[in-house]
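S.K.: Provided below for reference: sequence and predicted model.
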Amino acid sequence: MRDDGVAAMYRGYGPTVFAFGTFSGLYWVAYEALKKRVVSGDAEAPPPLLSLWCALGAGAAAAWATTPLDLAKLRQQVARGPSKPTFS
């Protein structure tokens, strides 16, 4: 805070919102796709255990896909001083 002021408190906020939005979108798309595969007949929702497995699979897929965004966000948040973070 001494070097960058109040703006340092919000460093990485933009990438955080972007990563969270991307994760959420991918999660729901994957969850709905998995749910359609396990629901049989005219049922609207899978049984609780299958719903859990759909959620686990969707969460894992979304986390795997957005890990690079999380890393970029983290590097920007922990960067010190007025210099910009490097992503190498």
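M.R.: Looks like it arrived, so ask away. Residues are numbered from 1 along each chain as shown.

S.K.: Can you give the distance of the helix or strand where residue 24 lies from its chain's centre?
M.R.: According to DSSP states H and E, residue 24 maps onto helix 13-38. Relative to the centre of its chain, helix 13-38 is centred 7 Å away, using CA atoms, centre = their mean, to the nearest Å.

S.K.: Same question for the helix or strand that that helix is followed by: list its buried residues.
M.R.: Sequence-wise, the next helix or strand beyond helix 13-38 is helix 48-78, with elements assigned using DSSP H and E. Across helix 48-78, burial judged by 16 or more other CB atoms under 10 Å covers 50-51, 54, 57-58, 61-62, 66, 69-70, 72-73, 76. The C-beta positions use only the backbone N, C-alpha and C, and glycine is treated the same way.

S.K.: so which of those residues comes closest to residue 40?
M.R.: Among the buried residues of helix 48-78, residue 50 lies closest to residue 40 (CB to CB), at 10.0 Å.

S.K.: Give the rounded mean pLDDT of stretch 33-48.
M.R.: Average pLDDT, stretch 33-48: 85.

S.K.: Please report how far the residue sitting nearest the centre point of the chain lies from residue 49.
M.R.: The centre of the chain sits closest to residue 23, judged by CA atoms, centre = their mean, with a distance of 3.1 Å. Distance, residue 23 to residue 49, using CB to CB, to the nearest Å: 24 Å.

S.K.: ok, back up a step: tell me how far the residue nearest to the centre of the chain lies from residue 77.
M.R.: 16 Å.

S.K.: can you check residue 49 too?
M.R.: 37 Å.

S.K.: low-confidence ranges in this protein?
M.R.: Counting by pLDDT under 70, the chain has low-confidence residues at 1-4, 80-88.

S.K.: again, 80 this time
M.R.: Applying pLDDT under 80 to the chain flags residues 1-12, 40-43, 77, 79-88.

S.K.: and residue 51, what does it touch?
M.R.: Applying CB atoms under 8 Å, 6 or more residues apart in numbering, we find residue 51 in contact with 35, 45.
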